[in-house]
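A.B. asks: build the 3D model from these lines:
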Amino acid sequence: MRKFFLSVVLALFTVAGVVPAAHAGSICKDGSWTASEGRGTCSSHGGVSQSGVAGPSAPAPAPVAPSAPAPVVVTPAPVPSAVVTPTSAPGPAPVKTVASAVPAAPTVTVPVAQTRYCKDGTIAKSVGRGACSGHSGLAPIGAAVPAAPGTPQTSASTFTAPIGEVILPNGSTPGAINPAVTQDNIKSTICKTGYTSTIRPSSSYTTALKKQQLTGAYSYFTDKSTGAYEEDHLISLELGGAPSDPRNLWPEPYAGNAGARLKDVIENKLNSLVCSGTISLATAQNVIATNWWTAYQTYVK
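C.D. replies: Next up is the predicted model:
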């Protein structure tokens, strides 16, 4: 029975290909197989159990371990980056303008205080009684008064008139008034025949001053001959001008149709208007000191 079982098993292995076919041999009693069938076979294995049994010609090959599968590299699909579209921050809500129900305050024009002067040209600190004590009294509004000499000019103040070139004094001759002449006493002063001869300065004084001015404040006059100029009172004596104040005297050229002799015409005309009461003394003094040619056009033409 045992031998039969071994034979069947061997046959099955052979048929299945597990034990390859070989030449015939013997199966020993201990179950081992030998390729010999002769005398002494299986002598050390308990003797022969079966002869003529085919045995393997070679040991069965060692099973080959299957190859490890190649690793599969999985490349993850790229995740698309999220595209963020910036949006502008909402601006502040518009502010509604609500018209004020309160009416605007009316514009108030504050009158500018008028500067008042004393008769000697100093600025009055007040207009009350005694405001110009020691300064010959308070000058009327608009009256020409002495002023501090300005910076001498480097050229003559001139403009062209229909009759020729008009020359005006520069800032060093602003004009000055005689405090002894007032609106109240014009009948006994400037309106009285011969009055100006009593206060007129000497020719020696005016000639010396003329020379000084021609080399000083009026040095831009090219002709240095004293005979070419009248040492003129800007505010004439017959209009209450200061007789000897250098601020009221300047070398006025005789040359031209609008020279010193034409100015004498407006001086006489203004004196006539003041003495007749047509214009005030202060008005006459102001217009002659401001621009004698304009005064000429206003009162003579």
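A.B. asks: pretty sure residue 47 contacts residue 26?
C.D. replies: No - Residue 47 is beyond contact range of residue 26, at 9.6 Å (criterion: CB atoms under 8 Å). (Glycine included, C-beta is placed from N, CA and C.)
A.B. asks: quick one: which of these two has more around it?
C.D. replies: Legend: neighbour count by other CB atoms under 10 Å for residue 47 and residue 26, higher for residue 26 (22 against 13).
A.B. asks: can I assume that one sits in a strand?
C.D. replies: Yes - assessed with DSSP: H, G, I helix; E, B strand; the rest coil, residue 26 lies in a strand.
A.B. asks: could you give the bridge partners of it?
C.D. replies: As for beta bridges, residue 26 partners with residue 34 under DSSP bridges.
A.B. asks: can you tell me how far it is from residue 44?
C.D. replies: According to CB to CB, to the nearest Å, residue 26 and residue 44 sit 13 Å apart.
A.B. asks: any regions of this protein where pLDDT drops low?
C.D. replies: The model of the chain has pLDDT under 70 over residues 1-24, 33, 35-38, 41, 52-127, 134-136, 139-164.
A.B. asks: okay, now the domains of it?
C.D. replies: Structural domains assigned to the chain are 2-54, 114-140, 157-299, following automatic domain parsing.
A.B. asks: tell me the most buried of those domains?
C.D. replies: With neighbours defined as mean count of other CB atoms under 10 Å, the domains of the chain peak in mean count at domain 157-299, which reaches a mean of 18.
A.B. asks: just the strands in the stretch 101-250 of the chain please.
C.D. replies: 157-161, 164-168, 229-233, 249-253 (DSSP state E, counting those that start in this stretch).
A.B. asks: so the third one versus strand 249-253, what angle?
C.D. replies: So the one you mean is strand 229-233. For strand 229-233 against strand 249-253, the angle by axes from the mean of the first three to the mean of the last three CA atoms, to 10 degrees is 140 degrees.
A.B. asks: which residues are contacting strand 229-233?
C.D. replies: The contact list for strand 229-233 (CB atoms under 8 Å, 6 or more residues apart in numbering) reads 206-207, 209-210, 214, 221, 241-243, 248-254, 260, 263.
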